[in-house]
Every structure is written in C-alpha cells, then in structure tokens.
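Enquirer: pasting the structure only:
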C-alpha cells in the first residue's frame, strides 16, 4: 500500500463513518475544530481505523495526541511501516 | 408534567440513579415498562419457597467497600441488612473426573493459603494471579470512588482475556478451571472476558460474600421506600416510545407508549443500548456510534431450574455450588451439549425464614437464541413443541444435578424451569441474555456520556454486571449531573 493509498483509505473511511464532507478532509483540518469530532468520538474513530487497516491501536499513547487529520495520516503510515518491519 | 430528570428503566441502576438525583434536590420521575419496579430483582413464590430471579449474592459489602458505601449513602441499610455467607467456604467448586472439591474462603490471605495447600507446585502462578487480581480491584475501586470524569475514553479497553492470562501462568487444568469458575457470574467465557472485568467481579468476592436478608424482594422494598421518601415519582407499566429532542439537538422530554409527553431537561437511560437506539430519533447519534451499539455482544443466557425439598439443604446454607463433570467445561461453558455444561446452584429460602434453605435454583449457561427454532445443533426443539422441550430439558438438568451432587438425590421436587424466552419476556431484554450486553475482549462498551446534551447512560452494559456493576454505572451517570467532586464528597461522608 502506498502512502497515498493509506491516506485515501483513512479519508474515505472517516468521511463515510462520521458522515463528514469529503471536501473537508484536508491534512491541516483540526479533528475537533473543523471536523467537529469530540473526545467521545475518539473511541469510534479508533474502531474505524482498526477495522480499515486490521491492526490494534487503542492502547497506543500516540493516538491520544493527534490533533489534525494529517496527524492521523502520519500515525497510520508509521504504524503500518513499523508492522511491516516487525514481520 | 415537567421534571428535571427522567430515569428510564427501574432496575437496580434506574432506582439508584433516581434516588441519587432526588437526594440532590432534582425533581425526578422513574419510568418502568413492567408493572412494578425492580422486575429482575424480585422473586416468585412456589410451595412456600421464595425463588430469587436476579439477585443472589454479592461481594463488596464489607465495611468501607464500594457497595457498603453506596448502600449507606442511599439509606438502604435503614430497611435491609446483609447476611454473610460462610467465611470458610462461600463458593464450593466440585467436579467428578477427577474427583475434586474446593471451598473458597473470605480474604485473599486465606484463599492464597488454601490454593497453595491444594496446588503446592503452583506457588508462582497462584501468587501472580492473586496479586494481579487484587491490584486491578484496588485500582478500579480507587477510580470508582473518586468519581472522576473519564479523561480518556479509550480507557476501558482491555486486550487480555482471562484465558490468555491463566495460560501464561500455568498448565494446570484444574487450577485454571477453578479460577475461571466464576464466569457464570458475568456470562462470558474465559476466552472472551477481559481480565480486568473478571478481576473486578471476583476481586470483590475474594474479600467477602453476602446475601441480603429477605432476598432481592426486600432490596426492592427498601428502594421503593427511599424513592418515595425522596419524592421520586414512580410510573410503572409505562413504556417509553421515544426521546424528544429540540431543534438544536438538546433533550426536551420523552413520549410514552400511551402518547403522554413528559417534559424534562435531562434523562438517564438504563435500558439495553439496542433498545435505546429505537428511542432516539435518527440523526442525533452518529451512524458509527449506532453501529457500535448495534454490534455489542450479548452475555450468555441460560436455563434455570427451580427446586424444593422437604428437608433442609444444609449444603447450601451460606454457600453456592459450582458443579461440573470435569475441569474443561469451565473453559468453554457455553459449548458442547448443554446438559454437560457447568452448573451454578444457589439456595432458595422459605418465605417466612431465611435459614436453613429448603430449595435451590440451578443455572446452566446457554446462548440467548437457545430456544429459537433451528438454533444450532442443541436439539432443544426437535419435533417437540416449546412446553414438551422444556419438560424434557428440566428432567435432563435434574439428572445432571443429582449426578454431580448426590446429596440432593431423591430429596428434591423440581418446580419450574425458565428459559431465555422467559428472561426475554420478564426483563424486556432484546435477546433474553442473563446479563444483557457482554464485556468482551476488544469491545468498547458505551460510556455514561452521549452526544445528546442531557442524555446519560447507566446499566450493566456500561460498567459491569451484577448489583455492584449497575450501581457503579448509576453513580457515575449521576456524577455528570451533580458534579464529580460534589458526589464524591457526599458519598465519602457516609461512613
């Protein structure tokens, strides 16, 4: 999977599951401000990402520190790279 | 009629929520679909015996423990008292092949000593197990009693199952079965239950086990008295059809099934999360949250056999039995032929005097869909109708109980059998499971807070099963209304 494919999958999964405007899915979009998610939505966001990529991330500290959509892109790209190295 | 808060569902979590809010000066109505409050906590009477259907015994009633504090705070001890089980053996684990019996004593130190004497080669496994369970229990109690709002909604996930944890400690099947036996108290197999939930439940029993004098019925009466004293309006036989929200999405009231509208500024829902989805207008919850609630797994259901005896059953005086053919059945308590699954047996008492017991009920875990036509390979129906299948199942369970516990042979008359269908009918649980939504490895159960301002959730799906789990959820739901600091101060003041 290329980085662009990862980003596309993140954007389409989140846009679909959270009923977000696909146009709003820009890397600089703040997940709380622009995308209007709240701390309660984080649980569902983690579930969506886990289902989309088949990994477990709920216990990772880094997922608790994301602020923008770009942070999510970077987190998933790094996570996938780390898993590829480990296997 | 306008209320400050409406509480939907008058089980233990609903009664607790209504009482906590009313104690803080809110005008509260408690709405219950069943004709009376506490439907599952109540009992039924056959042949002069009182059979409890929901509440049987509980941990955490020791001085200063969580339930003890909650009961004191709510003033429930004015009308009910707890009765300790046998301190040297409140739960008796027994299997036939190999022939083995173990009696769980009160207290971690006594339990450790007894486990070490029974399994002398397993010192490391026993010590690690008890240390981990005790630590989880202490940490959980600390966070419960500070009533802190969750800072991290991702907390509560637990990726380690009880089975994985036990497998990492020992290969001794008997020891693992013994430590898994309490899974009947939450209705999830050791392979799927998070270690954290198991530790919360057994961690409380390892300290002490108590019943309530007069059973669940007297607890309901105590709640009723306190609810009336606190000015809570109790509306029974009134189902909620929908939750009403204003144009901005804020909660405005509920419409009952009979069409009446009750206005309120907030609501605590204690109904099953899937039932809640039917009450909340489309568009107020995100579809991803609806999907999560729809996909929550159910705990086990069960067949429950009720029996009485002419002679006192001393065996069950202050003790429950956990019976099985062999240890393996405790690892997969809902697999294989249902009549070979582990059995939980607990006392039934005479209406006028609690002791000694003159009867019992026995639970055998099944899938919730057990009695449905075409359910997988359990030969429940076959060519028979429901009543015939039920009678046959009662005979088979009876044979199994007497085989595993010969002391009961020829001493008991079997009165009733309840099935998942019975549970479904009386508890309005959508599936008829024993404990509603399960707590399951990797699953994220809902929290007390929702996206709808003023709508909070309580009930066993939120914090855990049993009286302890549902009361924790209720206090935490109310803390969102009252203020976490305030509620903590009030509860901790009651010693």
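Expert: That came through, no problem. A quick note: this is a predicted structure, and the numbers were derived from the prediction, not measured.
Enquirer: Mark out where each domain of chain B begins and ends.
Expert: B:2-82+B:213-296+B:445-493, B:86-207+B:297-427 (automatic domain parsing).
Enquirer: Regarding the shortest one, how distant is the last residue from the first?
Expert: With CA to CA, to the nearest Å applied, domain B:2-82+B:213-296+B:445-493 spans 32 Å between its terminal residues.
Enquirer: Which residues of chain A lie near chain B?
Expert: Applying CB under 8 Å from any CB of the partner chain, we find that chain A lies next to chain B at A:17-19, A:38-44, A:46-48, A:56, A:58-59, A:63-64. For glycine as for every other residue, the C-beta is placed from the backbone atoms N, C-alpha and C.
Enquirer: change it to 7 Å
Expert: A:17-19, A:39-40, A:42-44, A:46-48, A:56, A:58-59, A:64 (CB under 7 Å from any CB of the partner chain).
Enquirer: Lowest mean pLDDT across the domains of chain B, which one is that?
Expert: If you rank these by mean pLDDT, domain B:86-207+B:297-427 sits at the bottom with a mean of 89.
Enquirer: distance between the ends of that domain?
Expert: End-to-end distance (CA to CA), domain B:86-207+B:297-427: 31 Å.
Enquirer: Please compute how far that domain lies from its chain's middle.
Expert: Its chain's C-alpha centre and that of domain B:86-207+B:297-427 lie 12 Å apart, by CA atoms, centre = their mean, to the nearest Å.
Enquirer: most tightly surrounded among the domains of chain B?
Expert: domain B:2-82+B:213-296+B:445-493 (a mean of 20; mean count of other CB atoms under 10 Å in any protein chain shown).
Enquirer: follow-up on the earlier one: the domains of chain B into CSV, with extra columns for distance to residue A:73?
Expert: Shown next, in CSV, are the domains of chain B (distance: least, CB to CB, whole Å):
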stretch, distance to residue A:73
domain B:2-82+B:213-296+B:445-493, 19
domain B:86-207+B:297-427, 19
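Enquirer: Dump these into TSV; add distance to chain A as well.
Expert: Below are the domains of chain B laid out as TSV (distance: least, CB to the nearest CB, whole Å):
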stretch	distance to chain A
domain B:2-82+B:213-296+B:445-493	4
domain B:86-207+B:297-427	5
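Enquirer: Minimum distance to residue A:83: which of the ones you listed has it?
Expert: domain B:86-207+B:297-427 (15.9 Å; CB to CB).
Enquirer: Let me see the ranges of the strands in the stretch 51-200 of chain B.
Expert: Listed from the start of the chain, the stretch 51-200 of chain B has strands (DSSP state E, counting those that start in this stretch) covering B:82-84, B:91-95, B:100-104.
Enquirer: which other residues reach the last one?
Expert: Strand B:100-104 is contacted by residues B:88, B:89, B:90, B:91, B:92, B:93, B:94, B:111, B:118, B:174, B:178 when judged by CB atoms under 7 Å, 6 or more residues apart in numbering or on different chains.
Enquirer: 8 Å instead, please
Expert: Here strand B:100-104 makes contact (CB atoms under 8 Å, 6 or more residues apart in numbering or on different chains) with B:86, B:88-94, B:111, B:114, B:118, B:174, B:178, B:205-206, B:319, B:327.
Enquirer: likewise stretch B:134-151?
Expert: B:65-66, B:69, B:108, B:156, B:195-196, B:199-200, B:203-204, B:206, B:447, B:472, B:475-476, B:479-480, B:484-485, B:487-488, B:491-492.
Enquirer: The chain: helices as residue ranges?
Expert: This is for chain A. For chain A, applying DSSP state H gives helices covering A:3-17, A:41-53, A:69-86.
Enquirer: that's the other chain; I wanted chain B
Expert: Counting by DSSP H, the helices of chain B are B:12-23, B:66-74, B:108-118, B:123-146, B:162-169, B:173-180, B:195-205, B:215-229, B:273-279, B:287-294, B:386-404, B:420-427, B:466-482, B:484-493.
Enquirer: ok, back up a step: separate out the buried members of the residues of chain A next to chain B.
Expert: Neighbour counting over those (16 or more other CB atoms under 10 Å in any protein chain shown) leaves A:17, A:18, A:40, A:42, A:43, A:44, A:46, A:47, A:48, A:58 as the buried ones.
Enquirer: Check these against residue B:283 and report the nearest one.
Expert: residue A:18 (13.3 Å).
Enquirer: Quick check, that closest one in contact with residue A:35.
Expert: Yes - counting by CB atoms under 8 Å, residue A:18 touches residue A:35, with 7.4 Å between them.
Enquirer: that older thread, among the residues of chain A next to chain B, which pair sits farthest apart?
Expert: Maximum distance among the residues of chain A next to chain B (CB to CB): 27.4 Å, for A:19 and A:59.
Enquirer: what's the closest non-adjacent residue to residue B:316?
Expert: Leaving aside its sequence neighbours, residue B:316 sits nearest to residue B:347 (CB to CB, 6 or more residues apart in numbering or on different chains; 4.0 Å).
Enquirer: Give me the most central residue, the chain.
Expert: Because you didn't say which chain, this covers chain A. residue A:72 (4.0 Å; CA atoms, centre = their mean).
Enquirer: Just want the residue of the stretch 301-450 of chain B that's nearest chain A.
Expert: Residue of the stretch 301-450 of chain B nearest chain A, by CB to the nearest CB: residue B:444 (5.0 Å).
Enquirer: separation between that residue and residue B:339?
Expert: Computed as CB to CB, to the nearest Å, the residue B:444 to residue B:339 distance reads 35 Å.
Enquirer: correct me, but residue A:49 touches residue A:72?
Expert: Yes - between residue A:49 and residue A:72 there is a contact at 7.4 Å, judged by CB under 8 Å.
Enquirer: Touching both of these two, which residues are there?
Expert: Here residue A:49 and residue A:72 have residue A:10 as joint contacts, going by CB under 8 Å, 6+ apart.
Enquirer: Distance to residue B:139 and pLDDT added to the buried ones among the residues of chain A next to chain B, as CSV?
Expert: Output for those, formatted as CSV (distance: CB to CB, whole Å; pLDDT from 0 to 100):
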residue, distance to residue B:139, pLDDT
A:17, 33, 91
A:18, 33, 92
A:40, 23, 85
A:42, 22, 89
A:43, 21, 89
A:44, 26, 92
A:46, 22, 92
A:47, 25, 91
A:48, 29, 93
A:58, 19, 83
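Enquirer: now the residues you listed in a markdown table, with distance to residue B:420?
Expert: Below are these laid out as a markdown table (distance: CB to CB, whole Å):
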| residue | distance to residue B:420 |
| --- | --- |
| A:17 | 33 |
| A:18 | 36 |
| A:40 | 33 |
| A:42 | 35 |
| A:43 | 30 |
| A:44 | 30 |
| A:46 | 33 |
| A:47 | 29 |
| A:48 | 33 |
| A:58 | 32 |
